[in-house]
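Visitor: Quick one: sequence plus predicted model below, questions after.
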Amino acid sequence: MNLRNDMKVLVAIASYGKANDRYLARVVEEYNSMPFKVDVVVLSNIPKEVAPGARVVVVGCRGRDLPFAHKQILADGLNHYDLFIYSEDDILVRACSLEAFLKVSAVLPPTDIAGFLRVEVHSDGSVNYPEVHGHFHWDAGSVRSHGEYTFAFFTNEHAACYVLTREQLRRVIDSGRFLVPPHSEKYDRLCTAATDPYTQCGLRKVVCISHLNEFLVQHLSNKYRQTSYGVDGTELCRQVNALVRIGKSGNSPRSLFETETMLPNGWYSKSYYEPVQLGAIAAIPPEVRTVLSIGCGWGSTEVWLAKRGHSVTAIPLDPVIPGGAEAKGVEIVTGDLDEARRTLAGREFDCIFLSNALHLVPDPVAVLSSYGTLLSPGGVFLALVPHTARLRTAWKELVAAWRPAPWTAALEALLSPGGVFMPAASKTRGLAGVWKSVREKESTNGAGARRGAKFHIVSKRTVRNWFRDAGLQVESLTNVLRPVRENTGRLTVTLLDRWLASEFLTVAKKVSRNPSGGQSCQDAATGTSAVGPGTEKPTGIYRAVGLGDLAAHLWRRYRALCASAFLQLR
């Protein structure tokens, strides 16, 4: 199927306010230059002038509800147009991309829709792909070939636009989940409007990786430049080449573990693009020479260690992501957790590093126990674990349980005794019942959930128990605060750190038995005796069991801070 001169295209563009009007003019100009009939409808909250060939429809609604108005516009034109496009007002779709879309639509299964990726082109010639960030990644097992085209699924379906044929639009309308009120689901409202055909209507967005340049749409505003959103052309090309190799091999590789939660905005999902973990690196003893990293993303920490003389072996989250680390001297061992462990049998490491992954694996104790045997004598097990039980998390879950939203049903389906703790709330149960369910990880059933990882509620006690049950002795368990919370921690003389902490940094060693059968060391950093389970003796501020003890402790901390400030002033 090709674009014909008699083909009719309906375009709906969401344009809130005036900030992007200069980009809107460029977008409308591009549509007007196409060699076929294009009708452009601009949805705005205010009257505005646009180029000839476009009409403005003023929609009276809140800003993030505005994009949903395009659905009725497209539905009304179902029998009058051949191709339907929705986009935000700074997305430049070219005729060559529409031509490519129609060609691949002819070979794709009816349940798959060819999608696009945004690209930002900067004045210096560099490019940025903002969809590729955080926990979003390519599904290595999704690579499929249809004729001369190869496709793969990318977990971030949002590209601020989509294109549908008449048959595809009829299919999404018939699903009964397209013409619905404004809502948020996997994404916020603005992004949900551009992804509902994929996330709500039973269709799947796939990207044509064999002809990727034809499926790039330019993000004219370049708003994600110099942010953490996106990767450059070299990194994306490396990942696409890895996918193409997987397609040619005929294999369907598995990921290390499920990395995305079903929580809104991907809370507590594993990031594929973590920065260098300098805090964790500082906890590595100077005598360490060999390091094993479990759950490696694009490898910033691993490369940092390799450049400083360590021998680094990494087990990546999937075979697509680690190309950059491998090119810079990091040894890569692929497979799921069991396969990688078998590959490493017989080897030893001075340090094993695991960053933000224990809360996602089904059995943390089994992982710690299995990989802990790879520690050399005197080796350390280093783990960063997100504090999923902190007050902020509990509050978010309480609010989510009481606020009607389509994704609450999906969350219910993920519940299990070892999984996510989102309860099905009801007014009869009240907040107390919801809180009890949160603490006890109550299990219920649900339907229609998208695939996602279950995760564990994690507190300091949880981490201690995991390591203890795995035969590892916790030597230190440190609160890690994000920079925005460090000032609050100082103002409260660190008393609130246990609740403000976003992560825990855990340093552990193998438990060594003395001849009498007890453990030979004490957890000096945390003040717990390691003679056996149930004998923990907390020290530090947790010894304050009465108001008098607590007041005395606060007074001592206050005097110490004053003395420190006085010395600095001198």
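Guide: Right, received. Where do you want to start? Numbers count the residues shown, from 1 in each chain.
Visitor: what sits against the most centrally placed residue in the chain?
Guide: Nearest to the centroid of the C-alpha atoms of the chain, with distances taken as CA atoms, centre = their mean, sits H135, at 2.5 Å. Shown in contact with H135 (CB atoms under 8 Å, 6 or more residues apart in numbering): T155, T259, E260, G266, S269, K270, S271, Y272. Just so you know, the C-beta spots here come from the backbone N, C-alpha and C atoms, and that holds for glycine as well.
Visitor: That one and S221, how far apart?
Guide: Applying CB to CB, to the nearest Å, the value for H135 to S221 is 24 Å.
Visitor: With K328 instead?
Guide: Counting by CB to CB, the gap from K328 to S221 is 33 Å.
Visitor: and what of L236?
Guide: L236 is 20 Å from S221, by CB to CB.
Visitor: The nearest residue to Q277 once chain neighbours are set aside: what's it in contact with?
Guide: Sequence neighbours aside, T301 is the residue nearest to Q277 in space, at 4.8 Å (criterion: CB to CB, 6 or more residues apart in numbering). Neighbouring residues of T301 by CB under 8 Å, 6+ apart: E274, V276, Q277, A280, I281, S293, F353, S355.
Visitor: L382 too?
Guide: Contacts of L382 by CB under 8 Å, 6+ apart are A280, A283, I284, C351, I352, F353, L354, L505, T506, V507, A508.
Visitor: Which of those residues ranks first by neighbour count?
Guide: A508 (28 neighbours; other CB atoms under 10 Å).
Visitor: is it true that it touches Q473?
Guide: Yes. Counting by CB atoms under 8 Å, Q473 is a contact partner of A508 at 5.9 Å.
Visitor: Quick check: neighbours shared by these two?
Guide: Shared contacts of A508 and Q473, counting by CB under 8 Å, 6+ apart, come down to F467.
Visitor: tally of neighbours for G176?
Guide: 11.
Visitor: Sorry, slip of the keys, the one I care about is N128.
Guide: As a burial measure, N128 scores 23 neighbours (other CB under 10 Å).
Visitor: thinking it is in contact with Q226, fair?
Guide: No. Using CB under 8 Å, N128 makes no contact with Q226, being 9.1 Å away.
Visitor: before we move on, back to that, and which of the contacts of H135 is nearest H70?
Guide: H70 lies nearest to T155 out of the contacts of H135, by CB to CB, at 24.0 Å.
Visitor: Filter the contacts of H135 down to the buried ones and hand me the PyMOL line.
Guide: In PyMOL, a selection of the buried entries from these looks like this (16 or more other CB atoms under 10 Å):
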select buried, resi 155+259+260+266+269+270+271+272
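Visitor: As a markdown table, the contacts of H135 with pLDDT and distance to G141 would be great.
Guide: Shown next, in a markdown table, are those (pLDDT from 0 to 100; distance: CB to CB, whole Å):
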| residue | pLDDT | distance to G141 |
| --- | --- | --- |
| T155 | 95 | 12 |
| T259 | 92 | 13 |
| E260 | 89 | 14 |
| G266 | 82 | 20 |
| S269 | 92 | 18 |
| K270 | 94 | 17 |
| S271 | 94 | 20 |
| Y272 | 96 | 16 |
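Visitor: got the contact list for C96?
Guide: Going by CB under 8 Å, 6+ apart, C96 touches E214.
Visitor: what about Y198, is that helix, strand or coil?
Guide: For Y198, the assignment made with DSSP: H, G, I helix; E, B strand; the rest coil gives helix.
Visitor: Correct me if wrong: it contacts T192.
Guide: No. In this structure Y198 lies outside contact range of T192 using CB under 8 Å: 10.4 Å.
Visitor: Mind splitting this protein into its structural domains?
Guide: 8-249, 278-388+458-538, 391-440, 546-570 (automatic domain parsing).
Visitor: Quick one: closest of these to S255.
Guide: Proximity of those to S255 was assessed by CB to CB; the nearest stretch is domain 278-388+458-538, lying at 4.5 Å.
Visitor: Test my guess that T343 contacts V333.
Guide: Yes. Between T343 and V333 there is a contact at 5.2 Å, judged by CB under 8 Å.
Visitor: So if I had to pick from the two, which one is more boxed in?
Guide: Between T343 and V333, counting by other CB under 10 Å, V333 is the more crowded of the two (18 against 14).
Visitor: so how far is L472 from that one?
Guide: Relative to L472, and taking CB to CB, V333 is found at 21 Å.
Visitor: tell me the mean pLDDT for stretch 21-36?
Guide: On average, the pLDDT along stretch 21-36 is 94.
Visitor: how far is it from where the chain is centred?
Guide: Centroid separation for stretch 21-36 versus its chain: 34 Å, with CA atoms, centre = their mean, to the nearest Å.
Visitor: For it, buried residues please.
Guide: Buried, per 16+ other CB under 10 Å, within stretch 21-36: Y23, L24, V27, V28, Y31, M34.
Visitor: Pipe these into JSON lines and attach distance to E214 and secondary structure per row.
Guide: JSON lines is the format used below for these (distance: CB to CB, whole Å; DSSP: H, G, I helix; E, B strand; the rest coil):
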{"residue": "Y23", "distance to E214": "22", "secondary structure": "helix"}
{"residue": "L24", "distance to E214": "24", "secondary structure": "helix"}
{"residue": "V27", "distance to E214": "19", "secondary structure": "helix"}
{"residue": "V28", "distance to E214": "22", "secondary structure": "helix"}
{"residue": "Y31", "distance to E214": "18", "secondary structure": "helix"}
{"residue": "M34", "distance to E214": "15", "secondary structure": "coil"}
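Visitor: Parallel or antiparallel, list what pairs with the top strand by length along the chain.
Guide: Looking across the chain with DSSP state E, the single longest strand is strand 375-386. Strand 375-386 sits in its sheet next to strand 349-355 (parallel), strand 503-510 (antiparallel), going by DSSP bridges.
Visitor: can you redo the ones you listed as a markdown table with mean pLDDT and distance to G77?
Guide: Converted to a markdown table, these look like this (pLDDT from 0 to 100; distance: least, CB to CB, whole Å):
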| stretch | mean pLDDT | distance to G77 |
| --- | --- | --- |
| strand 349-355 | 96 | 49 |
| strand 503-510 | 91 | 50 |
